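Novice: return a 3D structure for these sequence lines:
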Amino acid sequence: MPSAIQHNLTPSPQLALVDGDIADSATAQKITDTAIARFGRIDILVNNAGLLVSKPFIDYTPDDFEALVSTILAGFFYISQSAASPEISSWEQKSSEVF
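Specialist: Down below sits the predicted model:
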């Protein structure tokens with residue numbers, strides 16, 4: 001998988017780059033840790049991970065299915081749970097959203 005650096009993205013005060021597989025719970029923790037270190041809190045989380053398997057559905061393999069489920073379901077679960085934890089979230093103090 002190409003890293004963000006290979007795509008010539010550069011960090012700025014308004015951007016934090018985190019490489020990893022969103023289906024891995026350690027990546028979710030790394031993302032939230034990075035956000036807290038950079039910005040001090042998390043006010044909003046946009047769950048926008050997806051995966052395109054570029055072939056007909058009937059040709060999907062078990063590995064294709066696992067990749068889809070891991071990215072779309074596990075990725076959503078891990079990052080949402082990590083960002084919503086009371087130690088990290090500013091959501092208890094004000095109205096915030098998960099998208």
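
Novice: buried ones in the helix or strand harbouring residue 77?
Specialist: Using DSSP states H and E, residue 77 falls within helix 75-84. For helix 75-84, burial by neighbour count (16 or more other C-beta atoms under 10 Å) applies to 75-76, 78-79, 82-84. C-betas here are computed from N, CA, C, even on glycine.

Novice: export these as a markdown table, with columns for pLDDT and distance to residue 23.
Specialist: Output for those, formatted as a markdown table (pLDDT from 0 to 100; distance: C-beta to C-beta, whole Å):
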| residue | pLDDT | distance to residue 23 |
| --- | --- | --- |
| 75 | 92 | 5 |
| 76 | 93 | 10 |
| 78 | 94 | 8 |
| 79 | 93 | 10 |
| 82 | 90 | 13 |
| 83 | 88 | 16 |
| 84 | 86 | 18 |
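
Novice: re earlier: packing partners of the helix holding residue 77?
Specialist: helix 25-39, strand 44-45, strand 97-98 (3 or more C-beta pairs under 8 Å, 6 or more residues apart in numbering; DSSP states H and E).

Novice: for this protein, which residues score under the pLDDT cut-off?
Specialist: The chain contains residues with pLDDT under 70 at 1-7, 11, 86-99.

Novice: residue 51: what secondary structure?
Specialist: Under the three-state scheme (DSSP: H, G, I helix; E, B strand; the rest coil), residue 51 adopts coil.
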